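[1] here is a sequence together with a model predicted from it:
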Amino acid sequence: MSSSSRAITELQSSGMLSREQLLYLFDRFALLTSQQDVKKRIADAVNDKQEAVAITTAIQEGIFLEMGVDPSFGLACLGKVNMTYENDQDLMIRFYKFVAK
């Protein structure tokens, strides 16, 4: 869902991200971080003594906005994935691959 199809006031900010939302996030993040310009941004940040995590967090926040999810809420949900989806082996494997990026 594009950010233009939702008003800012309609960003999801409660509940928990669904399995489908998480899979979209993981796939989109993998796609974006595989692009040369993004790899260069991350490498440049590291070379400039900046935290690479700031770049990857900004990418994740952009994806959450594309999805119609409040970025702060989305990031907070990532901290709850292993408790909420502990019995979903496939999702947990994909989550740990996402975290390892």
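    Now that the structure is in, tell me what you want to look at. These numbers come from a predicted model, not from an experiment.

[2] okay, and the residue nearest the centre of the chain sits in which element?
    The C-alpha lying nearest the average C-alpha coordinate of the chain belongs to residue 60 (Cα atoms, centre = their mean; 3.5 Å). For residue 60, the enclosing helix or strand under DSSP states H and E is helix 52-67.

[3] hmm, who's touching the lowest-mean-pLDDT helix or strand in the chain?
    Ranked by mean pLDDT, DSSP states H and E, the weakest helix or strand in the chain is helix 36-47, scoring a mean of 90. Outside helix 36-47, the residues that touch it by Cβ atoms under 8 Å, 6 or more residues apart in numbering are 32-33, 51-52, 54-56, 59. Bear in mind the C-beta positions are built from the backbone N, C-alpha and C, glycine included.

[4] now these in TSV, with pLDDT, neighbour count and distance to residue 21?
    Output for those, formatted as TSV (pLDDT from 0 to 100; neighbours: other Cβ atoms under 10 Å; distance: Cβ to Cβ, whole Å):
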residue	pLDDT	neighbour count	distance to residue 21
32	95	16	16
33	93	16	18
51	82	10	26
52	82	13	24
54	89	11	23
55	89	18	22
56	92	18	18
59	95	18	16
